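# fold the following and give me the result.
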Amino acid sequence: MKVTRICVVGLGLIGGSFALALRLAQRTALRPFPLHLTIVDTNPQTRAAANRLADFVTDDLAAGVREAELVVLATPVRVILDCLSRLPELRPDGCLVLDLGSSKANICRAMDELPDSFQAIGGHPMAGKETAGFGAATPDLFRQQMFILCRTQRTTPSLELLAMELIDHVGASPLFLPGELHDEMVAAISHVPYVVSATLMRLAASLGDERLWPVSASGFRDTSRVSGSDPRMMLDILLTNKTAVLQQIAQYQEILTAVARFLETDDEDALLHWIQETQQAYLTYQKYK
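Sure thing, here's the model as predicted:
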């Protein structure tokens, strides 16, 4: 790794796991590489915990990025956008930039607008938990997971190579996608599933009978799990990927309406066909897991 001075902005679940994985890779590599790790975070408890991990910890973005060769933005998307707008003033000489945000189109457009002195690429590790914060971070969170990269007008071949090297260090596999396509995909497989899970939880809770919880088993547990996700994080995700999420919700409602119609009309053949097609789609998905 030719880049040795890395600043991670935001030490939550994703940023924390990324930093932990990099430090672990540095310590366990057959050829250990130099790594000066700076952490920027506004939470004093997180900063205190980060002292064991980082070489320099601060709550000041300007101080954190001042000498960084690579800035990794791992905050919520709207904070990432704010950081990108501030970087040209904070680093007029430019630097390398990678983000780890959950939606990409807005971020990639903001990266396009960076001065020529910057090199920037969008990123999204496809891993997570329903718990947030540095306390939930683990160095193996990204292991054997997909790590999406989105090229921008500020992406260079050398930055791509560095990004793929970092992805290898954290144990993930890279996949290049356009930002808009990424947002469509994650709306279907991550963001709308949260809405569905949250709706299911609200439906169950509306029954107002606490006997429901001990009666529930693994099906409800697995389907409702992501409804426990951090509210502020999910608010940011849904608002910054609103267009794609609304499109997928509309499609979901159409599918749900079709199932309701099969039940209302006692169309057993159509319902069975729907169930069988769904099972086949699930079996295809399982081949990749």
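# now the strands for the stretch 51-200 of the chain?
All strands of the stretch 51-200 of the chain, identified by DSSP state E, counting those that start in this stretch, fall at 56-58, 70-73, 96-99, 119-125, 146-150, 173-176.
# got the angle for the fifth one vs strand 119-125?
Interaxial angle of strand 146-150 relative to strand 119-125 (axes from the mean of the first three to the mean of the last three C-alpha atoms, to 10 degrees): 150 degrees.
# quick one: strands adjacent to strand 146-150?
strand 119-125 (antiparallel), strand 173-176 (parallel) (DSSP bridges).
# could you chop the protein up by domain?
In terms of domains, the chain is parsed into 5-177, 181-286 (source: automatic domain parsing).
# out of the strands paired with strand 146-150, which one sits most buried?
Ranked by mean neighbour count under mean count of other C-beta atoms under 10 Å, the strands paired with strand 146-150 are led by strand 119-125, which reaches a mean of 25. Every residue, glycine included, has its C-beta placed from N, CA and C.
# what are the contacting residues of that one?
14, 18, 84, 94-102, 104, 107-108, 111, 114, 141-142, 145-152, 154-156, 158-160, 163, 170, 172, 179, 182, 186 (C-beta atoms under 8 Å, 6 or more residues apart in numbering).
# quick one, what contacts residue 69?
3, 4, 5, 6, 95, 96.
# and for the third one, the neighbour number?
Using other C-beta atoms under 10 Å, the number of residues around residue 5 comes to 18.
# isn't it right next to residue 66, touching?
No. Counting by C-beta atoms under 8 Å, residue 5 does not reach residue 66; the two are 10.0 Å apart.
# could you dump the longest helix along the chain to PDB, C-alpha only?
Among the elements of the chain assigned as helix by DSSP state H, the one spanning the most residues is helix 242-264. Extracted C-alpha coordinates of helix 242-264, given in PDB (Å, rounded to 0.1, in the frame of the first residue of the first chain):
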ATOM      1  CA  LYS A 242     -36.000   8.500  -2.100                       C
ATOM      2  CA  THR A 243     -36.500   8.100  -5.800                       C
ATOM      3  CA  ALA A 244     -35.400   4.500  -6.100                       C
ATOM      4  CA  VAL A 245     -37.100   3.600  -2.800                       C
ATOM      5  CA  LEU A 246     -40.400   5.000  -3.900                       C
ATOM      6  CA  GLN A 247     -40.200   3.200  -7.300                       C
ATOM      7  CA  GLN A 248     -39.500  -0.100  -5.500                       C
ATOM      8  CA  ILE A 249     -42.300   0.500  -2.900                       C
ATOM      9  CA  ALA A 250     -44.700   1.000  -5.800                       C
ATOM     10  CA  GLN A 251     -43.600  -2.300  -7.400                       C
ATOM     11  CA  TYR A 252     -43.900  -4.000  -4.000                       C
ATOM     12  CA  GLN A 253     -47.500  -2.700  -3.600                       C
ATOM     13  CA  GLU A 254     -48.400  -4.100  -7.000                       C
ATOM     14  CA  ILE A 255     -47.100  -7.500  -6.100                       C
ATOM     15  CA  LEU A 256     -48.900  -7.500  -2.800                       C
ATOM     16  CA  THR A 257     -52.100  -6.400  -4.400                       C
ATOM     17  CA  ALA A 258     -51.900  -9.300  -6.900                       C
ATOM     18  CA  VAL A 259     -51.500 -11.800  -3.900                       C
ATOM     19  CA  ALA A 260     -54.500 -10.200  -2.200                       C
ATOM     20  CA  ARG A 261     -56.500 -10.600  -5.400                       C
ATOM     21  CA  PHE A 262     -55.600 -14.300  -5.600                       C
ATOM     22  CA  LEU A 263     -56.900 -14.800  -2.100                       C
ATOM     23  CA  GLU A 264     -60.000 -12.700  -2.600                       C
END
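# next SSE after that helix?
Next helix or strand after helix 242-264 toward the C-terminus (DSSP states H and E): helix 268-286.
# mean confidence score for that following helix?
Confidence for helix 268-286, expressed as mean pLDDT, is 96.
# quick one on the thing from earlier: how about the strands of the stretch 51-200 of the chain, which one is nearest residue 223?
strand 146-150 (22.5 Å; C-beta to C-beta).
# most neighbours, which of the contacts of residue 69?
Neighbour counts for these (other C-beta under 10 Å) peak at residue 6, which has 24 neighbours.
# give the burial count for the closest residue to it other than its chain neighbours, as a bare number.
Spatially, and ignoring its direct neighbours in sequence, residue 6 is nearest to residue 70 (4.8 Å; C-beta to C-beta, 6 or more residues apart in numbering). Neighbourhood size, residue 70 [other C-beta under 10 Å]: 21.
# fine by me, thanks again.
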